[in-house]
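# Predicted model, plus sequence, below.
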Amino acid sequence: MNWQTIVGTVAPWLGTALGGPLGGMAGKVISDVLLPDQPNPSEEQIEQAVMKASPADLQKLKEADQKFKIEMRKLGLDEKRLAADDRANARSREIQVGGWSNPLMAGVVILGFFGTVGYALAGGLSLGGEAGALIGTLIGYVSAKADQVVSYYFGSSAGQDRQMDRG
């Protein structure tokens with residue numbers, strides 16, 4: 001498991017920010033918590049600090065994540081809006097650039113999903129024994145990728161949250 005996955009698990013707001021334009025800010029928060037005596041630690045030093053973090057350090061990171069979340073909300077950054085903007089930017093790029101790379105890749109992912117699931121259901125893959133866990137993981141992975149493709153082209157179910165909150 002890499003250090004960014006650990007951060008994303010313990011501190012989801014910081015973990016999400018690491019992969020985007022707020023990565024520097026998130027890295028600063030993480031280093032302030034785990035390496036308070038080092039003003040400008042390298043990414044390798046932060047990685048080592050995360051990998052060697054004690055439960056108490058991880059709790060401090062979780063608390064820092066809550067403060068980070070509050071600060072981001074004060075700045076008007078909402079995770080759902082960020083996700084929607086990200087999708088809109090990707091779609092806008094596709095319109096501007098054109099080409100067949102995205103539709104082709106989407107087709108490969110969807111065909112791969114149906115091919116994998118169909119092959120497994122037809123008895124081509126034994127779901128018992130030690131290979132069962134690997135096969136289940138494979139089917140879960142291709143299913144998640146197919147879901148991303150469908151969400152990209154047809155929108156996500158994020159609107160259901162709002163409908164359920166009203167009801």
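All right, it came through fine.
# Tell me the buried residues in the helix or strand residue 115 falls within?
Here residue 115 sits within helix 101-121, counting by DSSP states H and E. Neighbour-count burial for helix 101-121, counted by 16 or more other Cβ atoms under 10 Å, picks out 102, 106, 109-110, 113, 116-117, 120. C-betas here are computed from N, CA, C, even on glycine.
# Over to stretch 10-22?
Quick answer for stretch 10-22 (16+ other Cβ under 10 Å): 10-11, 13-18, 22.
# again with stretch 26-33
For stretch 26-33, by 16+ other Cβ under 10 Å, it's 26-27, 29-31, 33.
# separation between residue 124 and residue 141?
17 Å (Cβ to Cβ, to the nearest Å).
# for this protein, which helix is longest?
The helix spanning the most residues in the chain, taking DSSP state H as the definition, is helix 131-154.
# So which elements touch that helix?
helix 79-97, helix 101-121 (3 or more Cβ pairs under 8 Å, 6 or more residues apart in numbering; DSSP states H and E).
# Show me what the mean pLDDT comes to for the last one.
Mean per-residue pLDDT for helix 101-121: 85.
# Name the surrounding residues that touch it.
94, 125, 127, 135, 138-139, 142-143, 145-146, 148-150, 152-153 (Cβ atoms under 8 Å, 6 or more residues apart in numbering).
# among these, which one has the lowest pLDDT?
Among the contacts of helix 101-121, pLDDT bottoms out at residue 127, giving 61.
# surely residue 29 meets residue 68?
Yes - shown here, residue 29 and residue 68 form a contact pair, counting by Cβ atoms under 8 Å, at 5.6 Å.
# who touches both of those two?
residue 14.
# Now the phi/psi pair for residue 39, please.
phi -70, psi -40 (degrees, to the nearest 10).
# How many neighbouring residues does it have?
Counted with other Cβ atoms under 10 Å, the neighbours of residue 39 add up to 8.
# The one 3 residues further on now?
Per other Cβ under 10 Å, the neighbour tally for residue 42 reads 10.
# do residue 96 as well
Count around residue 96 with other Cβ under 10 Å applied: 7.
# Distance check, residue 115 against residue 2.
In terms of Cβ to Cβ, residue 115 sits 30 Å off from residue 2.
# same check, this time on residue 104
30 Å.
# and if you look at residue 45?
15 Å.
# Among these two, which residue is more densely surrounded?
Applying other Cβ under 10 Å to residue 45 and residue 2 shows that residue 45 carries more neighbours, namely 14 against 10.
# Could you check how far that one is from residue 27?
Taken as Cβ to Cβ, the span from residue 45 to residue 27 is 11 Å.
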